[in-house]
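Q: what's the 3D shape of this:
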Amino acid sequence: MYQVNPRLCRMEGEIGVLAPGASGDLVITDVDPLANLEALADPTRALQAVVCRGRVVVDAL
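A: So this is what the prediction gives:
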């Protein structure tokens with residue numbers, strides 16, 4: 001998925017990677033969403049950091 005979709009969109013190296021100049025979002029949490037999805041309902045407790053298009057929008061670290 002992370003290799004095929006960027007190729008289909010002709011955006012290799014820009015999406016689907018964590019690299020300088022790439023567009024992307026990153027969510028850092030100490031919650032395992034596969035084990036406890038409901039825990040993400042409280043972002044003030046669940047989210048450690050969020051990066052959106054290269055800008056830090058949440059920094060609770």
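Q: In contact with L8: list those residues for me.
A: Not one residue lies near L8 by Cβ atoms under 8 Å, 6 or more residues apart in numbering. For glycine as for every other residue, the C-beta is placed from the backbone atoms N, C-alpha and C.
Q: Just the strands from the protein, written as ranges.
A: 25-29, 47-52, 55-59 (DSSP state E).
Q: Show the contacting residues for the residue most central in space within the chain.
A: A centroid search over the chain (Cα atoms, centre = their mean) returns L26, at 2.2 Å, as the residue closest to the centre. Residues near L26 by Cβ under 8 Å, 6+ apart: 18, 49-51.
Q: V27 now?
A: Taking Cβ under 8 Å, 6+ apart as the test, what V27 contacts is 47, 49-50.
Q: out of those, which are buried?
A: Neighbour counting with 16 or more other Cβ atoms under 10 Å marks 47, 50 as buried within the contacts of V27.
Q: which among the contacts of V27 gets closest to G13?
A: Nearest to G13 out of the contacts of V27 is V50 (Cβ to Cβ; 22.5 Å).
Q: Nearest residue to that closest one in space, please, no chain neighbours.
A: V58 (3.9 Å; Cβ to Cβ, 6 or more residues apart in numbering).
Q: One more: G54?
A: S23 (7.5 Å).
Q: The one you found reaches V17, doesn't it?
A: No. When contacts are counted by Cβ atoms under 8 Å, S23 is not listed as touching V17 (9.6 Å).
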